[in-house]
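Engineer: sequence and predicted model, in that order:
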Amino acid sequence: MILLAKLSHAEEIHRTMLAAFEEYRFSNAPSSALEETVDTIASSLRNGEEKAFLFWREKKVIGVVRFKEQKEHVYFFRLSVRPEERRRGVARQLIAALERYAASRRLFTLQCQVRLSVAKNIALYEQNGFYISDRTTVRKQNGTRIETVHMTKELMQK
């Protein structure tokens, strides 16, 4: 079951995200997701800066996607699926929930940003109808440069 998160879910969002991003902790440039706190997530939810969908199975959150409604599209980030739940369609269902949400708001584009070095994530999005729409280099505070791609999916207007 996928539900829109409430402020009280900030801890679940954080816990699920950390489990999903742990594999990147010891990479050359660890994901900044690992630096986020329950408080930063709660603050963003509270002030309306972002929203999130939670994927529940058997009273446990196994997947999360955070997103922002922008002028002409929905931008999503931190798509997180617990490692033991991967390859079971959770990410695909979270993307479908984003599509429904965007369409309900008359926004017909989804966008996200992915590290170029994480081919499996690029493949996931391409399998779900996304294409690479731009390339960017992100510079972390320590000077590390990370090559990323922006991925876009155009949704059908009804």
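Structural biologist: Received the coordinates, thanks.

Engineer: rest of the way, CA atoms for contacts and neighbours
Structural biologist: OK.

Engineer: part of a helix, is residue 106?
Structural biologist: No: read with DSSP: H, G, I helix; E, B strand; the rest coil, residue 106 is coil and lies in no helix.

Engineer: so how many other residues sit close to it?
Structural biologist: Residue 106 has 13 neighbouring residues, counting by other Cα atoms under 10 Å.

Engineer: could you tell me how far it is located from residue 72?
Structural biologist: 9 Å (Cα to Cα, to the nearest Å).

Engineer: which residues touch the nearest residue to residue 115 once chain neighbours are set aside?
Structural biologist: Spatial nearest neighbour of residue 115, excluding adjacent residues (Cα to Cα, 6 or more residues apart in numbering): residue 148 at 4.2 Å. By Cα atoms under 8 Å, 6 or more residues apart in numbering, residue 148 lies in contact with 113, 114, 115, 116, 117, 135, 136, 137, 138.

Engineer: flag every buried residue along the helix or strand in which residue 19 is found.
Structural biologist: Using DSSP states H and E, the element containing residue 19 is helix 10-21. If you call a residue buried by 16 or more other Cα atoms under 10 Å, then helix 10-21 has these buried ones: 10, 12, 13, 14, 15, 16, 17, 18, 19, 20, 21.

Engineer: now swap in stretch 58-70 and tell me
Structural biologist: Those would be 61, 62, 63, 64, 65, 66, 67, 69, for stretch 58-70 by 16+ other Cα under 10 Å.

Engineer: okay, those residues in CSV with distance to residue 1, pLDDT and secondary structure next?
Structural biologist: Listed next are these as CSV, based on distance: Cα to Cα, whole Å; pLDDT from 0 to 100; DSSP: H, G, I helix; E, B strand; the rest coil:
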residue, distance to residue 1, pLDDT, secondary structure
61, 10, 95, strand
62, 10, 95, strand
63, 10, 97, strand
64, 12, 97, strand
65, 14, 98, strand
66, 16, 97, strand
67, 18, 98, strand
69, 22, 94, strand
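
Engineer: circling back to that earlier point, can you show me the CA trace of the helix holding residue 19 as CSV?
Structural biologist: Extracted in CSV, the C-alpha atoms of helix 10-21 (Å, rounded to 0.1, in the frame of the first residue of the first chain):
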residue,chain,number,x,y,z
ALA,A,10,9.8,11.6,9.2
GLU,A,11,11.6,8.9,11.3
GLU,A,12,10.3,6.1,9.0
ILE,A,13,11.4,8.0,5.9
HIS,A,14,14.8,8.6,7.4
ARG,A,15,15.3,4.9,8.5
THR,A,16,14.2,3.6,5.1
MET,A,17,16.4,6.1,3.2
LEU,A,18,19.5,5.2,5.3
ALA,A,19,19.0,1.5,4.8
ALA,A,20,18.7,2.1,1.0
PHE,A,21,21.7,4.4,0.7
